[in-house]
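> Turn this into a structure:
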Amino acid sequence: MRIALTGSGGQVGFELRRALLPVGEVIPLDRGGCDLANLDGLRAALTAARPDVIVNAAAYTAVDRAESEPALAEAINAEAPGVIGAVGRELGARVVHYSTDYVFEGTLDRPYTETDAPHPQSVYGRTKLAGEAALAATGARHWIFRTAWVIGARGHNFARTMLRLAAERDSLRVVADQIGTPTTAALIADVTAQALTRDGERPAEDGIYHLTATGHTSWHGLACHVIEAARAAGHPIKAGPESVAAISTEDFPTPAPRPADSRLATDRLRQVFGVHLPDWQTALEHTLEQIL
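Below is the predicted model:
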């Protein structure tokens, strides 16, 4: 199996390069050789690779900056998945694409299912939702894995930012009224590899699947968790969990609105692919060890 992997240099792409090695030959395509903002170049790179599977781990993920760069976010998040799907359809390749909990408004009192109507509140969320539709419209065999609060051992993410700030400052202020499920890049990669392995035996239905760890917390809870892990590991910390103040969304305004409750129901993923999803604390242990 030949697997073309876009975004191979990102935090999810890095883990996919590891997880997909037992599945087939991985053809890494990073931004230098395959920029999703260059749609003609993207089509040429994928066509030349002639893959059996295309895994698209590339995305415009700067949520706040997208508010001032909507055209770039649109090209990468909304238009590129359509190109990838078109190439996949032409080559008969399966396409694996990743989306986000930010396609939802975040106002339900329960986890969102795949059949709940999306209502994104930000440019980032709207462009990711448009990308889902563009891929599906091509008719390519595809899975769209919606995930949330991604944390990897490398790249930019909330956990790494909190650890840096806790080492620099005596106190922190973190939003406590937004909840979701921290999900490691390693878990996303491992589930993707398991799904592709299983697909060779029992092909799974195309469409959207929610992929996160289990359980949930707030940004404040996550910050306290990672800082406590760092302190327990002997990492130099100035602001311990007791110095992290819980604040409201109104106390920390951002250019892009965030969903207040973006929990995702993962029943469909677990039933169709037979995967085990650990709680977010357990999944995060190894990633934090790598970061620290």
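
> ranges for the strands of the protein?
For the chain, the strands identified by DSSP state E occupy 2-6, 25-29, 53-56, 94-100, 142-147, 150-151, 172-175, 179-180, 183-184, 207-210, 217-218, 244-247, in order along the chain.

> Quick one: end-to-end length of stretch 248-257, please.
With C-alpha to C-alpha, to the nearest Å as the measure, stretch 248-257 spans 13 Å from end to end.

> confidence score at Asn38?
Reported pLDDT at Asn38 in the predicted model: 94.

> on that earlier part again, could you dump the strands of the chain into TSV with distance to Val87 added?
C-beta coordinates here come from the backbone N, C-alpha and C atoms, glycine included. Converted to TSV, the strands of the chain look like this (distance: least, C-beta to C-beta, whole Å):
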stretch	distance to Val87
strand 2-6	9
strand 25-29	12
strand 53-56	7
strand 94-100	8
strand 142-147	12
strand 150-151	25
strand 172-175	40
strand 179-180	32
strand 183-184	28
strand 207-210	19
strand 217-218	39
strand 244-247	45
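
> export the ones you listed to TSV and tack on mean pLDDT and distance to Asp64?
TSV is the format used below for those (pLDDT from 0 to 100; distance: least, C-beta to C-beta, whole Å):
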stretch	mean pLDDT	distance to Asp64
strand 2-6	97	24
strand 25-29	96	27
strand 53-56	98	23
strand 94-100	98	14
strand 142-147	98	19
strand 150-151	97	16
strand 172-175	98	14
strand 179-180	98	17
strand 183-184	98	20
strand 207-210	98	24
strand 217-218	98	19
strand 244-247	98	17
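
> can you redo these as a markdown table with distance to Glu201 and mean neighbour count?
Shown next, in a markdown table, are the strands of the chain (distance: least, C-beta to C-beta, whole Å; neighbours: other C-beta atoms under 10 Å):
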| stretch | distance to Glu201 | mean neighbour count |
| --- | --- | --- |
| strand 2-6 | 17 | 25 |
| strand 25-29 | 20 | 20 |
| strand 53-56 | 15 | 27 |
| strand 94-100 | 14 | 26 |
| strand 142-147 | 16 | 24 |
| strand 150-151 | 28 | 24 |
| strand 172-175 | 44 | 19 |
| strand 179-180 | 33 | 22 |
| strand 183-184 | 26 | 28 |
| strand 207-210 | 18 | 21 |
| strand 217-218 | 36 | 18 |
| strand 244-247 | 47 | 17 |
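
> Relative to Glu285, which of those is closest?
Nearest of these to Glu285, taken as C-beta to C-beta: strand 183-184 at 9.3 Å.

> strands paired with that closest one, and their directions?
strand 150-151 (parallel) (DSSP bridges).

> quick one, helices of the chain?
For the chain, the helices identified by DSSP state H occupy 11-19, 39-49, 70-73, 80-91, 123-137, 158-168, 185-199, 219-232, 267-273, 280-291, in order along the chain.
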